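K.L.:
Let's see this in three dimensions:
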Amino acid sequence: MAPQPPASLWRHPDFLKLWAAQTVSAFGSQFTALAIPVVAALLLGATPAQMGLLTAVTTGPYLLFALAGVWVDRWPRRRVLIAADVGRAAVLLAVPALALADRLAMVHLYAVGFCASLFTVFFDTADQAYLPALVSRQRLVEANSRLETTRSLARLVGPGAAGAVVQVLGAPLAVLTNVGSFLVSAVLLGLIRGKESPPDPTERKPLWTELRRGLEFVLRNPYLRAIAPCTGSFNLVASAAEALLVLFATRELGLSPAALGAAFSVANVGALAGALAASRVAGAVGLGRAIVGGSALSGLWLVPLALATPSTAFPMVALAGALAGLGGAVYNINQVSLRQSITPLPLQGRVNGTMRFLVWGTMPAGGLLGGLLGQAVGIRPALTLLATLQALTFLWVAASPVAGLRAVPSAEA
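P.N.:
Numbering: from 1, shown residues only. Sure thing, here's the model as predicted:
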């Protein structure tokens, strides 16, 4: 469908449905994000190596993002979003079902994590490719800011609610909240009335040719060529740390699931502030400086975590998350809007898929790295090393043409 003219997004009914769907889905996902590692760490007694493997298996499908981008450009993107929501709901039902039957084991968490992430690969690829077809280019930063604001609100409220539900009902049953949220999201997406322009089948090329076209676009663009390794290296280190985070917080710092969820909620004040300020920061200091500054700030998030003790656990975990959220929101909103703006509409799926492959494809290796480091040298020394590496990842964009951008350049032909 043709982009809407620059009008208020509050009067854009299809965007409002997309926004509502993502809000519900994001809130529900907070329950699974906390419940699954809590099940592994506390209910199943997972080791650091097993937690690392869980992260690796769960993020393994991210290596398929580039292929997903090709397929998304061939299919109606809204239908992909709906199918992915329904698929994720069906897969997650296995966790409470197996727990109630007293048969839940780590192998089941690996399988559920892998399958749910596989659907997420298609959802996220179609999601970012669909938005530029729904709103005008001039409204992309505003639209992305609103979507990120509600995701931040979900991360602000969700973990505290999830921690309380996990504490009262148990982690497996808490996953049911996410099942319901995915189904509600699918219904809301089904209510969108705008029609997409169907892909022209006569322009379809062999799979590997189309895959190469998305990769070539990214590699020849100086901005994307810097953003990809910046985000990819950040995610590599962050995934290594996140594989150890719940173990560190619950076993070494002594936080309960409810306290950990509350700390995550407090932390996400930073993400909310970043989402609300992202476009203003870019307007005040320039798009490039906003991207570089957001990356540098988020790169400091592991420092307070590495310094935390049982007596300072809650504020330090909250501060770590706040730094990651504040800087990450400013960085991501502006760099995603930049990418969407400079990418031709027919290539959105392939370019988004290629970028996701490059920046999220590092996460399985990160999960394995974190688990092996934690097993070999201990969790705190591993986090200290990772904090040092994380603080350096912003240099990719700081030393690139991205740093000199004042505003979004024109789309490439």
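K.L.:
where does the protein have low pLDDT?
P.N.:
Counting by pLDDT under 70, the chain has low-confidence residues at 1-7, 197-204, 410-413.
K.L.:
Show me where it has its strands.
P.N.:
Using DSSP state E, no strands are found in the chain.
K.L.:
What ranges does the stretch 301-413 of the chain have for its helices?
P.N.:
302-307, 313-342, 348-360, 363-377, 379-390, 395-398 (DSSP state H, counting those that start in this stretch).
K.L.:
With distance to residue 53 and mean neighbour count added, can I get the ones you listed in CSV?
P.N.:
Where C-beta positions appear, they are placed from N, C-alpha and C, glycine not excepted. Converted to CSV, the helices of the stretch 301-413 of the chain look like this (distance: least, C-beta to C-beta, whole Å; neighbours: other C-beta atoms under 10 Å):
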stretch, distance to residue 53, mean neighbour count
helix 302-307, 21, 21
helix 313-342, 23, 24
helix 348-360, 18, 27
helix 363-377, 6, 21
helix 379-390, 15, 20
helix 395-398, 28, 20
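K.L.:
nearest to residue 138, of these?
P.N.:
helix 313-342 (9.3 Å; C-beta to C-beta).
K.L.:
who wins for proximity to residue 231 among the helices of the stretch 301-413 of the chain?
P.N.:
Going by C-beta to C-beta, the one of those nearest residue 231 is helix 348-360, 3.9 Å.
K.L.:
could you say what helices and strands that closest one packs with?
P.N.:
With contacts taken as 3 or more C-beta pairs under 8 Å, 6 or more residues apart in numbering; DSSP states H and E, helix 348-360 sits against helix 65-72, helix 106-134, helix 207-220, helix 222-247, helix 313-342.
K.L.:
The first one versus helix 348-360: what angle between them?
P.N.:
Which is helix 65-72. 170 degrees (axes from the mean of the first three to the mean of the last three C-alpha atoms, to 10 degrees).
K.L.:
buried ones in helix 65-72?
P.N.:
Within helix 65-72, the residues scored as buried using 16 or more other C-beta atoms under 10 Å are 65, 66, 67, 68, 69, 70, 71, 72.
K.L.:
show me what contacts residue 371?
P.N.:
48, 49, 50, 51, 52, 53, 55, 56, 243, 244 (C-beta atoms under 8 Å, 6 or more residues apart in numbering).
K.L.:
Scan these and report the most crowded one.
P.N.:
residue 243 (33 neighbours; other C-beta atoms under 10 Å).
K.L.:
from memory it sits against residue 54, does it?
P.N.:
Yes: at 7.5 Å, residue 243 and residue 54 qualify as touching, with contact defined as C-beta atoms under 8 Å.
K.L.:
nearest residue to residue 87 other than its sequence neighbours?
P.N.:
For residue 87, ignoring the flanking residues on the chain, the nearest one in space by C-beta to C-beta, 6 or more residues apart in numbering is residue 119 at 4.1 Å.
K.L.:
what's the neighbour count on the one you found?
P.N.:
22.
K.L.:
give the contact list for it.
P.N.:
84, 85, 87, 88, 91.
K.L.:
sorry, back to before: mind checking the helices of the stretch 301-413 of the chain for the one nearest to residue 105?
P.N.:
helix 363-377 (17.8 Å).
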